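[1] output the structure for:
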Amino acid sequence: MERIFDWFLLHQEMIYIVLLMIFVGIEVIGRVPSVLHTPLMSGANAIHGVVIIGAIIVMGNASSDNYLALALGFIAVIVGTLNVVGGFVVTDRMLEMFKKKK
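    Next up, the predicted model:
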């Protein structure tokens, strides 16, 4: 138990920053009008290609006997790819709504 308290004391600033980011994120997203919420989320999903790059880097730096890092990296690549593709699909469907019908 003492090791947990020591870890919290060692990383206290980082924990405060993460908590502050959570509250700021909730406040910012809560103030987005509902009309803009779907385009904002689809764009954010498309930007999550950074997750794919990070997962590939983790998998590339993991040793071949570290199955946990390889499995988590693989799952992150799959989920990140689904998120990016979903963001582009939603964006494409929204843009189709604004095209003039023939």
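
[2] please make it C-alpha for all contacts and neighbour counts, starting now.
    OK.

[3] tell me the domain ranges of this structure?
    As given by automatic domain parsing, the domain ranges for the chain are 1-31, 34-102.

[4] and the ones you listed, which one's lowest on average pLDDT?
    Set side by side, these differ in mean pLDDT, and domain 34-102 is lowest with a mean of 82.

[5] could I get the domains of the chain as JSON lines with mean neighbour count?
    Below are the domains of the chain laid out as JSON lines (neighbours: other C-alpha atoms under 10 Å):
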{"stretch": "domain 1-31", "mean neighbour count": "11"}
{"stretch": "domain 34-102", "mean neighbour count": "15"}
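
[6] most distant residue from the centre of the protein?
    In the chain, the residue that sits farthest from the middle, by C-alpha atoms, centre = their mean, is residue 102; the gap is 38.4 Å.

[7] quick check: that one vs residue 92, distance?
    Per C-alpha to C-alpha, to the nearest Å, residue 102 is found 18 Å from residue 92.

[8] you'd agree residue 91 is up against residue 39?
    Yes: at 6.6 Å, residue 91 and residue 39 qualify as touching, with contact defined as C-alpha atoms under 8 Å.

[9] tell me where the protein has helices.
    Counting by DSSP state H, the chain has these helices, from start to end: 2-10, 12-30, 34-47, 49-61, 67-97.

[10] which elements pack onto the fourth one?
    If contacts are counted by 3 or more C-alpha pairs under 8 Å, 6 or more residues apart in numbering; DSSP states H and E, helix 49-61 sits against helix 67-97.
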